[in-house]
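S.K.: fold the following, please.
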Amino acid sequence: MSNDLFSSLKTYLTKLSDGEKTPQEVAAALNAWARESADSLKAKIHDEVEATVLKMGFVKREEFERLLARVDAIAPVKKAAPVKKAAPAKKKSAAKKATTVKKKAAPAKKKSGAKK
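M.R.: I've put the predicted structure just below:
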């Protein structure tokens, strides 16, 4: 069967009108053609995604999980005790802020350039 939808339809309509095929046979053939086309399209998309992912340098989940299993086999991860959250830091009180004295910059010395 042709990959072109319109030529396939034309062929089957001709066979239907000539009495060579029944409507059920034509419908079954078109369903099979649609499934084959969908499978072909899925395979092409999968191949294109694989090529793009490899170009970008990403790792597949399966590869990552296999590597993780190998690393765990070499050095198993020990389960750590649950981490306790630290208490929130207290803000400086207003009284403490008020006692903090800012140093003022010393005034610049004037040049004594007396004219004679």
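
S.K.: for this structure, what are the low-confidence residue spans?
M.R.: 1-3, 77, 79-116 (pLDDT under 70).

S.K.: longest helix in it, by number of residues?
M.R.: helix 23-56 (DSSP state H).

S.K.: which elements pack onto that helix?
M.R.: helix 5-17 (3 or more C-beta pairs under 8 Å, 6 or more residues apart in numbering; DSSP states H and E). For the C-beta atoms, the positions are set from N, CA and C on the backbone; glycine is no exception.

S.K.: what's the angle between the helix it packs on and helix 23-56?
M.R.: For helix 5-17 against helix 23-56, the angle by axes from the mean of the first three to the mean of the last three C-alpha atoms, to 10 degrees is 170 degrees.

S.K.: can you give me the buried ones in helix 5-17?
M.R.: Buried residues in helix 5-17, counted by 16 or more other C-beta atoms under 10 Å: Ser8, Thr11, Tyr12.

S.K.: Val53: which of those is nearest?
M.R.: Nearest to Val53, judged by C-beta to C-beta, of those is Ser8 at 33.7 Å.

S.K.: list just the nearest of the buried residues of helix 5-17 to Ala51.
M.R.: When the buried residues of helix 5-17 are compared against Ala51 (criterion: C-beta to C-beta), the nearest one is Ser8, at 29.6 Å.

S.K.: pretty sure that closest one contacts Trp33?
M.R.: Yes - Ser8 is within contact range of Trp33, at 6.0 Å (criterion: C-beta atoms under 8 Å).

S.K.: elements contacting the host helix or strand of Asp72?
M.R.: Using DSSP states H and E, Asp72 maps to helix 61-74. Identification of packing neighbours for helix 61-74 by 3+ C-beta pairs under 8 Å, 6+ apart yields no helix or strand.

S.K.: mind saving the C-alpha coords of it as CSV?
M.R.: What follows is helix 61-74, C-alpha atoms only, in CSV (Å, rounded to 0.1, in the frame of the first residue of the first chain):
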residue,chain,number,x,y,z
ARG,A,61,17.3,7.7,32.9
GLU,A,62,18.1,4.0,32.4
GLU,A,63,21.9,4.8,32.0
PHE,A,64,21.8,7.0,35.1
GLU,A,65,20.1,4.3,37.2
ARG,A,66,22.5,1.6,36.0
LEU,A,67,25.5,3.9,36.9
LEU,A,68,23.9,4.7,40.3
ALA,A,69,23.4,1.0,41.0
ARG,A,70,27.1,0.4,40.2
VAL,A,71,28.2,3.2,42.5
ASP,A,72,26.0,1.8,45.2
ALA,A,73,27.5,-1.6,44.7
ILE,A,74,31.0,-0.2,45.1
